[in-house]
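Asks: Coordinates for the following, if possible.
(2 chains)
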2 protein chains.
Amino acid sequence: MPKDDTIRAASITRAEIEQIVRSVVTAQLAMPELRVDASARHLHLCQEDLDTLFGKGHELHVHRPLYQEGNYAAQETVTIIGPRSRLISNLRVLGPLRKKTQVELAFTDAISLGLDLPIRISGDTAGTPGALLMGPRGVVELKEGVIRAAIHVHMNPAEASHFGVRQGDMMKLRIGGAAAVTFERVAVRIDPTSRLNVHMDTDEANACGLHLTKDIELLK
Amino acid sequence: MPKDDTIRAASITRAEIEQIVRSVVTAQLAMPELRVDASARHLHLCQEDLDTLFGKGHELHVHRPLYQEGNYAAQETVTIIGPRSRLISNLRVLGPLRKKTQVELAFTDAISLGLDLPIRISGDTAGTPGALLMGPRGVVELKEGVIRAAIHVHMNPAEASHFGVRQGDMMKLRIGGAAAVTFERVAVRIDPTSRLNVHMDTDEANACGLHLTKDIELLK
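Replies: Okay, the predicted model is just below:
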C-alpha cells in the first residue's frame, strides 16, 4: 500500500488538521524566550524621599528603559551609608516612583555596608533594616526598606497558565554551564503588563556564571 | 506469642548481630559532619614571588590555621592591580607556598578589577589572565594564574569510597533555606590528608545564603 493511502486510511479530516496546527502554534506563542536579568544594586523612591534627596518638584530622568514595560533606570543616583559609616556611592534609582522607598542590595553589598539583610519579595519590607541615603539636596534617614530581593520571575497570566503556576508559587531555574546551578525558590509574580523575565541579583548571576551560558530552563 | 520469642524465632546469631553493629558504626564513621566554607578572595605564592613581594628570605607568618591540615591564612597581604588600573588591596596570602602563584577571586571581584576570568580547578591555570601584584618590597607581573576557583569538595579516600566517587567526579551540593540552591558541579578532590570540606567562593555563598541555613546535603 503506498504511503498516500496510509494517510487517507487514517481518516484525518481537514478540521482535525486545523486543530493540530492551531494547538502547535498556540503552544509556541505561549512559550516566549526566557530572559534572565541580573539586577545590580538599586533603589526605588517614594515621592517624599525624591523631594528630600533631589529637591522639591524634581522629576526622574530616564537613563535607560528596562525590559519590563514602563520601568527604567534613572539618571539619578544616591549614596547609601551603613551603620559602620561605610558607604556605597552611585546607587542607581529605578523609576517610576513607588509608594515606599526600597533599597535592593546583593549580600556582597550588604556585607561591605555592615548590614544583615533578610531575603524578601519586593514590597515586603516590614521589619527590615534601614540606612542613610544621601542625595544632592538632602539626606533621608530610611527607617526600614533595605532588602536582598528574592529571585523571582515576572510573567503575564497567559504565561502563568502555560507553566501551570499561580501568584506566589515557587519555580526552579536551572542555569547550565561550567558553574551549573539550580535555583529552587524562584517566586512567581503575575501581572497583565509583565513580560516573561527572571530577575536575580549580582551574587546569584556571578555564582552561576550567567554571562557564560545560554543553557537556561525554568521549571515548575 | 511474646515478642521475645519472635526475636528468637528469627534465629539471629551473635556473629550476625556483631556484623550489623559493625556495619552501622562503620557507616557513621565514614560520614563525618559536612563542613562548607566560603573562601574569600586570596592568593597562593611560589617561593620566587614571595621573595620579590616581601624580600629575599621572607617567611610567611600564620594569621589563622585553616580547616585543611597544614593550610593557613598568612598575616601577609598584597595588592592586586587589574588591567584598568583598578585595584583590590589586602588580598590575603594563604600558606604554605606552592609551585606556582595562583590568585582566586569571585566573579564580583573580577568584574570590579576588569578581569574576564575562567572557572578552573586549582592548579589548572594555563592560559588564564594575569595581573600586577604589589607587595611591601616589590612588584610581580603575573603572566597567568588568576582564576575563579570551581566549587569543590575535599575528602580522603575513605570518604570518597563512602560516597562512591572518584578523583575529578562531580557531585551535587544542595543548600536549603530561603534562597535554596543546588550546585550541580562540585568537583571531587581526594587526598589522604584531606578532611571532608566543601569550598565555595563568596559569590556562591552569598547567592545561596550559606550563613542563613544548616540544611546542607552533598549528593552523588
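
Asks: What strand or helix carries the spatially most central residue of chain A?
Replies: Nearest residue to the geometric centre of chain A (CA atoms, centre = their mean): A:His199, 2.9 Å. Using DSSP states H and E, A:His199 maps to strand A:197-201.

Asks: Which parts of the next helix or strand after that strand count as buried, going by neighbours?
Replies: With elements assigned by DSSP H and E, the helix or strand that comes after strand A:197-201 is helix A:202-208. Within helix A:202-208, the residues scored as buried using 16 or more other CB atoms under 10 Å in any protein chain shown are A:202-208. For glycine as for every other residue, the C-beta is placed from the backbone atoms N, C-alpha and C.

Asks: now stretch A:171-178
Replies: Judged by neighbour count (16+ other CB under 10 Å), stretch A:171-178 contains these buried residues: A:171, A:173-177.

Asks: Is chain B within reach of it?
Replies: Yes: counting by CB under 8 Å from any CB of the partner chain, contacts between stretch A:171-178 and chain B involve A:Ala178.

Asks: can you pull the contacts of A:Pro65?
Replies: Each residue near A:Pro65 by CB atoms under 8 Å, 6 or more residues apart in numbering or on different chains is listed here: A:71-72.

Asks: So it versus B:Val153, what's the distance?
Replies: For A:Pro65, the distance to B:Val153 equals 44 Å [CB to CB, to the nearest Å].

Asks: sorry, back to before: could I get the strand holding A:His199 in PDB with only the CA atoms?
Replies: Provided in PDB are the C-alpha atoms of strand A:197-201 (Å, rounded to 0.1, in the frame of the first residue of the first chain):
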ATOM      1  CA  ASN A 197      11.600  37.700  32.800                       C
ATOM      2  CA  VAL A 198      13.600  36.300  35.700                       C
ATOM      3  CA  HIS A 199      15.300  38.800  38.000                       C
ATOM      4  CA  MET A 200      18.300  37.600  40.100                       C
ATOM      5  CA  ASP A 201      20.900  39.700  41.800                       C
END
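
Asks: just the helices in chain A please.
Replies: Under the criterion DSSP state H, chain A carries helices at the ranges A:3-9, A:14-29, A:47-54, A:107-113, A:157-163, A:202-208.

Asks: Can you tell me what sits against stretch A:132-144?
Replies: The contact list for stretch A:132-144 (CB under 8 Å, 6+ apart) reads A:43, A:49, A:52-55, A:58, A:76, A:78-81, A:101, A:103, A:125-131.

Asks: and that stretch, which residues are buried?
Replies: Applying a neighbour-count criterion of 16+ other CB under 10 Å, one finds A:132-135, A:140, A:142, A:144 buried in stretch A:132-144.

Asks: Then stretch A:107-122?
Replies: Neighbour counts using 16+ other CB under 10 Å place A:107-111, A:113, A:115, A:117-120, A:122 of stretch A:107-122 among the buried residues.

Asks: With stretch A:147-161 instead?
Replies: Neighbour-count burial for stretch A:147-161, counted by 16+ other CB under 10 Å, picks out A:147-156, A:159-160.

Asks: For A:Gly55, list the residues it contacts.
Replies: Residues in contact with A:Gly55, defined by CB under 8 Å, 6+ apart, are A:136-138.

Asks: same thing with A:Leu87?
Replies: Going by CB under 8 Å, 6+ apart, A:Leu87 touches A:79-81, A:113.

Asks: how about 7 Å then?
Replies: By CB atoms under 7 Å, 6 or more residues apart in numbering or on different chains, the contact list for A:Leu87 reads A:79-81.

Asks: same thing with A:Arg185?
Replies: Contacts for A:Arg185 (CB under 7 Å, 6+ apart) come out as A:170, B:178-180.

Asks: Chain A against chain B: which residues are in contact?
Replies: Taking CB under 7 Å from any CB of the partner chain, the part of chain A that reaches chain B is made up of A:106-108, A:119, A:178-185, A:202-204, A:206-207, A:209.

Asks: if we can go back for a sec, turn the buried residues of stretch A:107-122 into JSON lines, including distance to B:Leu94 and pLDDT.
Replies: As requested, these are exported to JSON lines (distance: CB to CB, whole Å; pLDDT from 0 to 100):
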{"residue": "A:Phe107", "distance to B:Leu94": "23", "pLDDT": "97"}
{"residue": "A:Thr108", "distance to B:Leu94": "21", "pLDDT": "96"}
{"residue": "A:Asp109", "distance to B:Leu94": "25", "pLDDT": "96"}
{"residue": "A:Ala110", "distance to B:Leu94": "25", "pLDDT": "97"}
{"residue": "A:Ile111", "distance to B:Leu94": "20", "pLDDT": "94"}
{"residue": "A:Leu113", "distance to B:Leu94": "26", "pLDDT": "96"}
{"residue": "A:Leu115", "distance to B:Leu94": "28", "pLDDT": "96"}
{"residue": "A:Leu117", "distance to B:Leu94": "29", "pLDDT": "96"}
{"residue": "A:Pro118", "distance to B:Leu94": "32", "pLDDT": "96"}
{"residue": "A:Ile119", "distance to B:Leu94": "31", "pLDDT": "97"}
{"residue": "A:Arg120", "distance to B:Leu94": "36", "pLDDT": "97"}
{"residue": "A:Ser122", "distance to B:Leu94": "39", "pLDDT": "95"}
